[in-house]
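Novice: no sequence for this one, just the structure:
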């Protein structure tokens, strides 16, 4: 701890902004920036491992039951998946533009691009809702029975009814949908959290907290959003297209 | 501030266009039946898209080396998980097919092993 330590303040570049006080445990703004970035990349690495485990499960069971995965994938609407992919890719672009706007002290543009990104998130979740609803209606994933057990007598999983009998000919038809809902569900939660974080950034941006001198939170939330897009880039072909 | 590089809007726009084209390519390629190569092609294109997002949208190309190492090492460890898990899966049916064992039995290097019929 340096002697006579006083606050390091990054001045506001204009009247619509506020100055940023570097956190007291950092000596310089650069140290604060690099520490936060490193920490966040470490967190992103853990997210890769989180989803990676799920992907490993996907690959394992795809190898074990290729027919089940082929038939299961055909039950999904690849056009909706393609729309969602496009939505997320464009939202990654709007987020990158938003971070750039913060880096160049353009308050209104930052709000604009962040707002568009949230819109993309909402679109994605709405489409996912209708996809889930369709699966629910067909009994391929009955959400109300999600935590029900396995019926010893009938050999039925309570959440997998398959009213249309579409998975009748293949072994373990429920497996594809268990993996589908788990992976897209956890991804969807990340989309929701990301949307919330971006709204939080927009509130801070409106107060003038983010500018060329201090745009860290915008940068980090941007990284989180790109990760969400990254995951989907792999989810889409594996679940919707490979079969 | 320590942050020297701000990407241009043109760069972001070009990356987005490339990503959208690659997405269309992924969908088109999936319509053609290459057999088991379909998965490989889809993953290859997805990896290219991922690299573009990581390098340019996530700005890792201009970031410090330690951040690059940290993030890319996650994929390295992930590949360990995949290799061993899929390696296990891919070699599981060898007991049933008995390709290796049959070859050895034909050469009379080993006695035929008892069949696992599940009956005790």
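Specialist: Nice, I can see it. Computed from a prediction, not measured in an experiment: that's the story for all the values here.
Novice: what about residue A:208, distance to residue A:232?
Specialist: Residue A:208 is 33 Å from residue A:232, where distance means C-beta to C-beta, to the nearest Å. Just so you know, the C-beta spots here come from the backbone N, C-alpha and C atoms, and that holds for glycine as well.
Novice: and those two? which has more neighbours close in?
Specialist: For residue A:208 versus residue A:232, the count of surrounding residues by other C-beta atoms under 10 Å in any protein chain shown is larger for residue A:232: 24 against 17.
Novice: Spatially, what comes nearest to that one if we skip its sequence neighbours?
Specialist: Leaving aside its chain neighbours, residue A:232 sits nearest to residue A:88 (5.1 Å; criterion: C-beta to C-beta, 6 or more residues apart in numbering or on different chains).
Novice: so what does the helix or strand containing that neighbour touch, helix or strand wise?
Specialist: Per DSSP states H and E: residue A:88 is located in helix A:78-103. When contacts are defined as 3 or more C-beta pairs under 8 Å, 6 or more residues apart in numbering or on different chains; DSSP states H and E, helix A:78-103 sits against helix A:107-137, helix A:216-236, helix B:9-31.
Novice: cutoff 10 Å now
Specialist: In terms of contacts (3 or more C-beta pairs under 10 Å, 6 or more residues apart in numbering or on different chains; DSSP states H and E), helix A:78-103 is packed against helix A:107-137, helix A:173-206, helix A:216-236, helix B:9-31, helix B:37-52.
Novice: For residue A:168, grab phi and psi.
Specialist: Main-chain torsions, residue A:168, degrees, to the nearest 10: phi -70, psi -40.
Novice: Can you tell me how far it is from chain B?
Specialist: Separation of residue A:168 from chain B (C-beta to the nearest C-beta, to the nearest Å): 24 Å.
Novice: Report the contact partners of residue A:70.
Specialist: By C-beta atoms under 10 Å, 6 or more residues apart in numbering or on different chains, the residues touching residue A:70 are A:62, A:170, A:176, A:242, A:243.
Novice: Among those residues, which one has the most neighbours?
Specialist: Among those, the one with the most neighbours (other C-beta under 10 Å) is residue A:176, at 27 neighbours.
Novice: which residues touch the closest residue to residue B:38 other than its chain neighbours?
Specialist: The shortest distance from residue B:38 to any non-neighbouring residue, by C-beta to C-beta, 6+ apart, is to residue A:242 (5.8 Å). Contact partners of residue A:242, counting by C-beta under 10 Å, 6+ apart, are A:62, A:66, A:69, A:70, A:73, B:30, B:38, B:39, B:40, B:41, B:42, B:43.
Novice: For chain B, name the helix or strand with the lowest mean pLDDT.
Specialist: Ranked by mean pLDDT, DSSP states H and E, the weakest helix or strand in chain B is helix B:94-97, scoring a mean of 57.
Novice: Next secondary structure after it?
Specialist: Following helix B:94-97 in sequence order, the next helix or strand is helix B:99-106 (DSSP H and E).
Novice: In contact with residue A:168, which residues?
Specialist: Contacts of residue A:168 (C-beta under 10 Å, 6+ apart): A:71, A:162.
Novice: Report the separation between it and residue A:71.
Specialist: In terms of C-beta to C-beta, residue A:168 sits 9 Å off from residue A:71.
Novice: Could you give the separation between the terminal residues of stretch A:162-175?
Specialist: This stretch, stretch A:162-175, spans 12 Å end to end (C-alpha to C-alpha, to the nearest Å).
Novice: Which of the residues in it are classified as buried?
Specialist: The neighbour-count check on stretch A:162-175 (16 or more other C-beta atoms under 10 Å in any protein chain shown) flags A:162, A:166, A:167, A:170, A:172, A:173, A:174, A:175 as buried.
Novice: Now pLDDT too, for those, in TSV please.
Specialist: Listed next are those as TSV, based on pLDDT from 0 to 100:
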residue	pLDDT
A:162	87
A:166	88
A:167	88
A:170	88
A:172	89
A:173	89
A:174	91
A:175	93
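Novice: Just give the closest residue to residue A:162, not the sequence neighbours.
Specialist: residue A:139 (5.3 Å).
Novice: can you check residue A:145 too?
Specialist: In this structure, residue A:145 finds its nearest non-sequential neighbour in residue A:158, 4.1 Å apart by C-beta to C-beta, 6+ apart.
Novice: who's in contact with residue A:135?
Specialist: Contact analysis of residue A:135 by C-beta under 10 Å, 6+ apart lists A:75, A:76, A:141, A:142, A:143, A:177, A:180, A:181.
Novice: Could you report the pLDDT at it?
Specialist: With respect to pLDDT, residue A:135 scores 94.
Novice: I'd like to know how far it sits from chain B.
Specialist: Note on residue A:135: its distance to chain B, by C-beta to the nearest C-beta, is 21 Å.
Novice: Repeat that for residue A:24.
Specialist: Applying C-beta to the nearest C-beta, the value for residue A:24 to chain B is 19 Å.
Novice: Can you give me the neighbour number for that residue?
Specialist: Around residue A:24 sit 11 other residues, with neighbours defined as other C-beta under 10 Å.
Novice: Nearest the geometric middle of chain B, what residue?
Specialist: Most central in chain B under C-alpha atoms, centre = their mean is residue B:43, positioned 6.1 Å from the mean C-alpha point.
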